[in-house]
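*Asks:* dropping the sequence and predicted coords here.
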Amino acid sequence: MSDLVVDCQGVTRVYGDDVVPVRALQGVDFGIAAGEWTALAGPSGSGKSTLLHLVGGLDRPTDGTVVVDGKKLNDLSESQLSDLRLRKVGFVFQAFNLIPVLSAVENVEFIMQLQGIGPSERRERALSVLDHLGLGDIGERRPGELSGGQQQRVAVARAIVTNPVLLLADEPSANLDSATTLELLALLRTINEERGVTIVTATHDPIVMDHASRRVLLRDGRIESDESVSSPMLPV
Amino acid sequence: MSARANASRGLFATVAWRNLWRNPRRTWLTAGGIAFATALVVFSSSIQVGSYDGMIDMATRLVSSHIQVQHPKFHDEPRMRYTVPDGIELTERLAGLPGVAGAAPRAEAFALLSTEERSFGGLVLGVDPDREPQVSDLSKALAQGEYLPGPDDAFIGAALARNLDIAIDDEILVLGTGREGSVGALALRVGGIFSTGHEDTDRSLILVPLRTLQEGFDLGDEVHRILVAADSISDIDDVAGRIELALGEGYRTLKWNELMPEIEQGIQIDWVSAQLMYWLLLILVAFAIVNTLMMTVFERTREFGMLLAIGMRPASIMGMLQVEAIAMWAIGAGIGLAIALGVIAWLNQTGIAFGEIAEGMDEISAQYFIPERMYPGFAIGAIATSPAVLGLATLAAAFGTSLRLRRIRPVDALRTED
């Protein structure tokens, strides 16, 4: 189990109160090995986003343990969780969530500034990542001047520029058309294979599921199926 | 932690500054409110400070002057026998002190002023005709005739002359009590008539040469007051201190605010009531700032959720909001101060003529010792205080509204609609 980047044991998450409890997750046992690309699938309310948030340290389980990169998140304080998110986890959100007043390159730089990296190094790394992702010519544009696909690629650049051990993507294709989704998935595949970044995507988009190397189907807060895909669809 | 904070500072400022212009209309409205309040408070306070200096100068220059030296009991119990000995010699000593613009001796007596047909009570001031213009403006208020041309000439208030029905060259008899209780009497010719515009002064005052009064009322060489004018209003306290040191015991040194407490009380009441209005204005503007910042925090909840999610700490986001708020304050306060100080600097040179602003203002001005042309002074207190108060209010508003960030859960915030 030591090569697991994520290790969840008996994870339960209950929202609401004792009168009307909402059981989003019910005793989930789940592990992710380093270098895996896992798709958490399932209908709305199945618990996939909740599991993603727990793994990312954005939420705490009602019961059970969540271990990320050897750290038991249950024991961490809010500031320690914040530090973990900053240094170990990269996030890609459904709605891109870039800082609107910063240019693409500044958005990528921002997270490195939070880490205390100096101006010249972070600018160099940000430009390098953008260039690598084919965004070298739009670095000075602000999010409002970019297409949805470009914004999501900048978000990916921001997520990977700090070399996280885990990249979490919550419905990353929800606001993209099919062609742009395929471009994004190709990008994630490259990151997964070339950089060895472990990726977890919560999605109900079949195209995304088809590209992951492992598909975990959740229903009613429980894992219904968990299958590895020997030959995931290659990006177009 | 400090390296992380230092490296982040530059970006915080960039994000904060650009965030200000995400909604320029709102930013300008709030900054405009801050500018307006700052300019109004600074300008109004400066007008007040200028008018107070003018009021004090005008009130003191009319009769009392800035400082007086008296017998220790004379101010509380103004009797003829409470005199200052060696008045002439003392006057010359005081005139030589640093910061003293002029000094003049005065003796005085309450007396019955009579003509052939009418009699009125009045205050007779025995003045040194040469020195008196150094400490008071009575000689400048000459309306008819001449200012004390000879030893038996009187310089009389216009209202008193009217009441006595006398004119230039008419005779007037002064009858009172001398220093030792004897009868004091003077037969005078009206040499000049003055009109100060101040009703009480014009109705009750008559000036005669000091020597004439001293002889007629058995005062010898003694006087009741030595009046001292300082180089400027701001020098009065220092000059009074020097006089006390120079004279030692046996004398009482009184400043303008002890001689004319009603003037100081009037200034204090005016200042306090104005301050109350200024504070109310500042509080109103502070509420506008709170409103703007609350709108900002509510509108950007999702953005804050994202920042929290990627590892930014709530305290850092709060710091960024503080920078944003202070930048908005700096714009408003800077513009407000620039406008106020520019206008004050200009008016400080040209002055404001009350008579030109409203008809009949001249008489009112004279009655209440308001100078005809007022020069605003730089109210240092207001220049420092009003921007500082708004700055603190801005910081407090930013801090208060950003406290909400501590309760925001990134998961919930990310679900918020834009």
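*Replies:* On my side now, so go ahead. Numbering: from 1, shown residues only, chains lettered A, B, ... in the order given.
*Asks:* what's the neighbour count on whichever residue of the stretch 201-350 of chain B sits closest to chain A?
*Replies:* Per CB to the nearest CB, residue B:311 is where the stretch 201-350 of chain B lies closest to chain A, at 2.6 Å. For glycine as for every other residue, the C-beta is placed from the backbone atoms N, C-alpha and C. Close neighbours of residue B:311, defined as other CB atoms under 10 Å in any protein chain shown, add up to 23.
*Asks:* ok, now the one 4 residues further on?
*Replies:* Residue B:315 has 13 neighbours, counted by other CB under 10 Å.
*Asks:* just the one 10 residues further on next, same as before
*Replies:* Counted with other CB under 10 Å, the neighbours of residue B:325 add up to 27.
*Asks:* just residue B:241 next, same as before
*Replies:* 12.
*Asks:* against which helices or strands is the host helix or strand of it packed?
*Replies:* Under the criterion of DSSP states H and E, residue B:241 resides in helix B:236-247. Applying 3 or more CB pairs under 8 Å, 6 or more residues apart in numbering or on different chains; DSSP states H and E, one finds that helix B:236-247 contacts strand B:67-70, helix B:87-95, strand B:225-230, strand B:252-255.
*Asks:* next, format these as a markdown table and append mean pLDDT, mean neighbour count and distance to chain A.
*Replies:* Converted to a markdown table, these look like this (pLDDT from 0 to 100; neighbours: other CB atoms under 10 Å in any protein chain shown; distance: least, CB to the nearest CB, whole Å):
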| stretch | mean pLDDT | mean neighbour count | distance to chain A |
| --- | --- | --- | --- |
| strand B:67-70 | 95 | 26 | 63 |
| helix B:87-95 | 92 | 18 | 69 |
| strand B:225-230 | 95 | 26 | 58 |
| strand B:252-255 | 95 | 19 | 59 |
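*Asks:* among the ones you listed, which comes closest to residue B:241?
*Replies:* Nearest to residue B:241 among these is strand B:252-255 (8.7 Å), distances taken as CB to CB.
*Asks:* mind giving me the packing neighbours of that closest one?
*Replies:* Using 3+ CB pairs under 8 Å, 6+ apart, strand B:252-255 sits against strand B:67-70, helix B:236-247.
*Asks:* contact partners for the nearest residue to residue A:191 once chain neighbours are set aside?
*Replies:* In this structure, residue A:191 finds its nearest non-sequential neighbour in residue A:197, 5.1 Å apart by CB to CB, 6 or more residues apart in numbering or on different chains. Shown in contact with residue A:197 (CB atoms under 8 Å, 6 or more residues apart in numbering or on different chains): A:35, A:90, A:160, A:163-167, A:191.
*Asks:* one more time with 7 Å, if that's ok
*Replies:* A:160, A:164, A:167, A:191 (CB atoms under 7 Å, 6 or more residues apart in numbering or on different chains).
*Asks:* report how many residues lie close to the residue of the stretch 51-200 of chain B found nearest chain A.
*Replies:* The minimum distance from the stretch 51-200 of chain B to chain A, using CB to the nearest CB, falls at residue B:51 (47.2 Å). Residue B:51 has 21 neighbouring residues, counting by other CB under 10 Å.
*Asks:* not counting its neighbours along the chain, what's nearest it?
*Replies:* residue B:374 (5.2 Å).
*Asks:* so for the chain, the centremost residue is which one?
*Replies:* Just so you know, I chose chain A. For chain A, residue A:168 is the residue whose C-alpha lies nearest the centre (CA atoms, centre = their mean; 1.0 Å).
*Asks:* please go with chain B instead
*Replies:* residue B:52 (2.2 Å).
*Asks:* which other helices and strands does the helix or strand harbouring that one contact?
*Replies:* Applying DSSP H and E as the criterion places residue B:52 in helix B:24-59. Applying 3 or more CB pairs under 7 Å, 6 or more residues apart in numbering or on different chains; DSSP states H and E, one finds that helix B:24-59 makes contact with helix B:261-299, helix B:314-350, strand B:373-374, helix B:380-402.
*Asks:* angle of it against helix B:380-402?
*Replies:* Taking axes from the mean of the first three to the mean of the last three CA atoms, to 10 degrees, helix B:24-59 and helix B:380-402 form an angle of 150 degrees between their directions.
*Asks:* between helix B:236-247 and helix B:24-59, find me the angle.
*Replies:* 30 degrees.
*Asks:* now helix B:24-59: how far from the chain's centre is it?
*Replies:* 15 Å (CA atoms, centre = their mean, to the nearest Å).
*Asks:* again, but for stretch B:129-138
*Replies:* Distance of stretch B:129-138 from its chain centroid, counting by CA atoms, centre = their mean, is 24 Å.
*Asks:* who's in contact with the closest residue to residue B:401 other than its chain neighbours?
*Replies:* Nearest residue to residue B:401, sequence neighbours excluded (CB to CB, 6+ apart): residue B:293, at 4.4 Å. Residue B:293 makes contact with B:325, B:397-398, B:401 under the criterion CB under 7 Å, 6+ apart.
*Asks:* ok, of those, which one's closest to residue A:181?
*Replies:* Using CB to CB, residue B:401 is the member of the contacts of residue B:293 that lies nearest residue A:181, at 38.9 Å.
*Asks:* I'd say the closest one and residue B:297 touch.
*Replies:* Yes - in terms of CB atoms under 7 Å, residue B:401 counts as a neighbour of residue B:297; the distance is 5.1 Å.
*Asks:* can you list the low-confidence ranges for the chain?
*Replies:* In the absence of a named chain, chain A is used. A:1-2, A:230-236 (pLDDT under 70).
*Asks:* that's the other chain; I wanted chain B
*Replies:* B:1-10, B:354-372, B:417-418.
*Asks:* quick revisit: buried residues in the helix holding residue B:52?
*Replies:* Across helix B:24-59, burial judged by 16 or more other CB atoms under 10 Å in any protein chain shown covers B:26-28, B:30-31, B:33-59.
*Asks:* and what of stretch B:228-240?
*Replies:* Applying 16+ other CB under 10 Å to stretch B:228-240 flags B:228-230, B:233, B:235-236, B:239-240 as buried.
*Asks:* please apply the same query to stretch B:166-181.
*Replies:* Buried-residue list, stretch B:166-181, by 16+ other CB under 10 Å: B:166, B:170, B:172, B:174-179.
*Asks:* what lies in contact with that stretch?
*Replies:* If you take CB under 7 Å, 6+ apart as the criterion, stretch B:166-181 is touched by B:80-81, B:109-115, B:124, B:144-145, B:154, B:161, B:164, B:183-190, B:193, B:217-219.
*Asks:* now list the buried members of these.
*Replies:* Among the contacts of stretch B:166-181, those classed as buried by 16+ other CB under 10 Å are B:80, B:109, B:111, B:113, B:115, B:124, B:145, B:154, B:161, B:164, B:184, B:186, B:188-190, B:193, B:217-219.
*Asks:* chain A: helices as residue ranges?
*Replies:* Along chain A, the stretches classed as helices by DSSP state H are A:48-55, A:78-87, A:104-114, A:119-132, A:148-160, A:178-190, A:206-211.
*Asks:* quick check: which of those is nearest to residue B:289?
*Replies:* Of all the helices of chain A, helix A:104-114 comes closest under CB to CB, at 26.9 Å.
*Asks:* the residue nearest to residue B:51 contacts residue B:351, doesn't it?
*Replies:* Yes - with contact defined as CB under 7 Å, residue B:374 reaches residue B:351; the gap is 6.2 Å.
*Asks:* what about the two, which has more around it?
*Replies:* Set residue B:374 next to residue B:351 and count neighbours by other CB under 10 Å: residue B:374 wins out with 21 against 15.
*Asks:* which ones are touching residue 24?
*Replies:* Just so you know, I chose chain A. If a contact means CB under 7 Å, 6+ apart, then residue A:24 has A:13, A:15, A:47, A:50, A:221 as its contacts.
*Asks:* which SSE is residue B:122 in?
*Replies:* Assigned by DSSP H and E, residue B:122 falls in strand B:119-127.
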